[in-house]
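# Sharing a model that was predicted from the sequence below.
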Amino acid sequence: MRLIIVRHAEPDYSIDSLTQKGFREAELLSERLSKLNVKACYCSPLGRAQDTSKPTLKKLGMTALTLDWLREFEGKIIDEEKGGLRHAWDLKPHYWTAYNELFHHDEWLNNPIMQSDNTPEEYKKVCDGIDELLEKHGYKFNGKYYDVLNENRDTVILFCHFAVEAVILSHILNISPLCIWHGFVALPSSVTTLVTEEREQGKAYFRCNGFGDVSHLYAGGEEPSFMARFCENYSNTEERH
C-alpha cells in the first residue's frame, strides 16, 4: 500500500485557516493528488488541515474521516530553562543534543525531560492511532515491522501537521522523533510518501520514497513557504529565530 502524509498549506494560525498563499498551495496540491487512485482520506480536526484537504476531496469526489489524533502533536515538557511548559518538538540545538538517548528510538521517551509532562501519553495516542488505521487497511504492526493481513496497492492520504507527521514516521520507521523534528522540515502543502515493501511473504516494512516534496508548487509557479523553518543565518533578523 501507499501512505501519503500531507502537511497543511501555509497557515494563518490566528484564525486556524490558511493564508491567501495557502489557499493557492492547496489548489496546486489538489491538481497533483486528484490524479491518484485514492482509497481513503483522513484529516486532522484543525481548520488549516481541513481547508487544505477541501480542493483535493472535491476533485476526488470523496470525503475524509476526521481523526482527533491527527491534530498537531500536543506532547509537552517542562521547560527547565524558563519554567512552564513547552512543546516537546520545539527545542534549541544545545538543549536536546546534550542527551544521547534522545537520538535513539528505544530510549528517547525514557529521558526525564520527555517524562516531565504528557509527551508519553500523547505519543502513544498517535502510535495507537496510526496502527489502528494501517491494520484497517491490511497491515498490522507487530513491534518493528508489519504483518500483512491483506496485501494491496491502496493509496491512503493523511492531511495533518508537521510535528505529528514526524511522530507517525518515527513510529513506522523506528526513528527517534527528535531526529525528525529537528533534522527534517516538511514545508507547507508538502507530500511525504511511504510504500510497503514485502520482500518476505506476509511481512512488510514501509519505505519512504519521498519526503516533504513540493514539486506541485514549482510546477504551478508558486514559491514554497518559509513557514516551519528558522533563520538560515542568525544575523538575518528578517527570518524567524
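Okay, I see it. Residues are numbered from 1 along each chain as shown.
# Please count neighbours and contacts with C-alpha atoms only from this point.
Fine.
# Buried residues in the helix ranked longest in the chain, which are they?
If you go by DSSP state H, the chain has its longest helix at helix 119-136. Residues of helix 119-136 classed as buried: 119-120, 122-123, 125-127, 129-131, 133-135 (neighbour count, 16 or more other CA atoms under 10 Å).
# repeat for stretch 204-223
Here stretch 204-223 shows 204, 205, 206, 208, 211, 212, 213, 214, 215, 216, 217 as buried, counting by 16+ other CA under 10 Å.
# element containing the spatially most central residue of the chain?
Centroid check for the chain by CA atoms, centre = their mean gives residue 165 as the closest residue, at 1.3 Å. Secondary structure from DSSP states H and E places residue 165 in helix 162-173.
# Can you name the element that comes right after that helix?
helix 177-183.
# With only the CA atoms kept, save that following helix in PDB.
C-alpha atoms of helix 177-183 as PDB (Å, rounded to 0.1, in the frame of the first residue of the first chain):
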ATOM      1  CA  PRO A 177      11.100  11.800  16.600                       C
ATOM      2  CA  LEU A 178      13.700  14.300  17.900                       C
ATOM      3  CA  CYS A 179      15.800  13.400  14.800                       C
ATOM      4  CA  ILE A 180      12.900  14.100  12.500                       C
ATOM      5  CA  TRP A 181      11.500  17.200  14.300                       C
ATOM      6  CA  HIS A 182      15.000  18.900  14.300                       C
ATOM      7  CA  GLY A 183      16.700  17.300  11.300                       C
END
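# Give the buried residues for the host helix or strand of residue 196.
Residue 196 belongs to strand 191-200 when assigned by DSSP H and E. Under the neighbour-count criterion of 16+ other CA under 10 Å, strand 191-200 has 191, 192, 193, 194, 195, 196 buried.
# Which of the buried residues of stretch 204-223 fall within helices?
215, 216, 217.
# Tell me the pLDDT of the second one.
Right, residue 216. Listed pLDDT for residue 216 reads 98.
# what about it, distance to residue 85?
According to CA to CA, to the nearest Å, residue 216 stands 37 Å off from residue 85.
# quick one, phi psi at residue 84?
In terms of degrees, to the nearest 10, the main-chain angles of residue 84 are phi 80, psi -170.
# Bridged to residue 17, which residues?
residue 12 (DSSP bridges).
# wait, isn't it in contact with residue 53?
No - contact criterion CA atoms under 8 Å: residue 17 and residue 53 do not qualify, at 11.5 Å.
# So for these two, which sits in the more crowded spot?
For residue 17 and residue 53, the more surrounded residue by other CA atoms under 10 Å is residue 53, and the numbers stand at 30 against 21.
# Just the element for the more buried one, please.
helix 47-60.
# what residues does that helix touch?
Residues from elsewhere that reach helix 47-60 (CA atoms under 8 Å, 6 or more residues apart in numbering): 7-9, 11-13, 16-18, 22-23, 26-27, 29-31, 33-34, 43-44, 63-64, 159-161, 189.
# Kindly report the same for stretch 185-195.
With CA under 8 Å, 6+ apart as the test, stretch 185-195 has contacts from 1-11, 22, 25-26, 29, 52, 162, 206-214, 224-229.
# can you tell me the distance between the two ends of it?
For stretch 185-195, the end-to-end distance is 20 Å (CA to CA).
# quick one, what contacts residue 218?
Contacts of residue 218 by CA under 8 Å, 6+ apart are residue 224.
# what's around residue 28, how many residues?
Residues near residue 28, counting by other CA under 10 Å: 23.
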